[in-house]
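A.B. asks: I would like the atomic coordinates for the input below:
(one chain, ligands or ions: 1)
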Amino acid sequence: MHLTEEKYWDERDLYSGLIRLHILHHAEEEGVFGLGIIEELARHGYKLSPGTLYPLLRSMEKKGLLRSHEKLKGGKIRRMYRSTARGPHALSMAKEKVYELFGVLFENWPKRRGRGKRI
Ligand SMILES: [Zn+2]
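C.D. replies: Prediction:
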């Protein structure tokens with residue numbers, strides 16, 4: 001995929017809500033830390049730098065969706081993020097909207113296209 005930097009930024013802006021929901025999902029399931037979530041998102045085709053991810057995590061914490069604490073792991077301090085009590089409710093509301101949008105987006109999705117690129 002060849003994208004100009006400007007185009008790349010536009011697309012990332014488009015995906016930012018999906019990325020937040022993905023983070024919230026894992027924060028609810030098992031808790032996340034910066035590098036771990038960068039790898040997890042990369043596995044799904046989202047390339048985020050620490051410079052983008054950490055402010056995103058902090059903004060989600062500020063909004064009361066995540067809470068964090070420092071944990072010592074292998075001699076290194078790692079900041080772990082977990083969902084707050086508000087997180088699951090916010091996520092389930094968003095899931096209803098994603099489900100609705102999914103129906104709209106894929107209503108006439110041509111079958112011949114087969115499996116699309118995983119995002
Ligand atoms: Zn995931």
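A.B. asks: please make it C-alpha for all contacts and neighbour counts, starting now.
C.D. replies: Noted.
A.B. asks: the spatially most central residue of the chain in helix, strand or coil?
C.D. replies: Geometric centre of the chain, nearest residue: Ile19, 2.4 Å, by Cα atoms, centre = their mean. State at Ile19, reduced to three classes by DSSP: H, G, I helix; E, B strand; the rest coil: helix.
A.B. asks: and if you look at Leu48?
C.D. replies: What three-state DSSP gives for Leu48 is coil.
A.B. asks: which parts of stretch 29-41 are buried?
C.D. replies: For stretch 29-41, the neighbour count (16 or more other Cα atoms under 10 Å) marks 31-34, 37-38, 40-41 as buried.
A.B. asks: state the distance from Ser59 to Leu72.
C.D. replies: Applying Cα to Cα, to the nearest Å, the value for Ser59 to Leu72 is 23 Å.
A.B. asks: kindly report the same for Ser83.
C.D. replies: To Leu72, Ser83 is 20 Å away according to Cα to Cα.
A.B. asks: look at these two and report which has more neighbours.
C.D. replies: For Ser83 versus Leu72, neighbours defined as other Cα atoms under 10 Å are more numerous around Ser83 (25 against 10).
A.B. asks: ok, how many other residues are close to Gly87?
C.D. replies: Using other Cα under 10 Å, Gly87 has 21 other residues around it.
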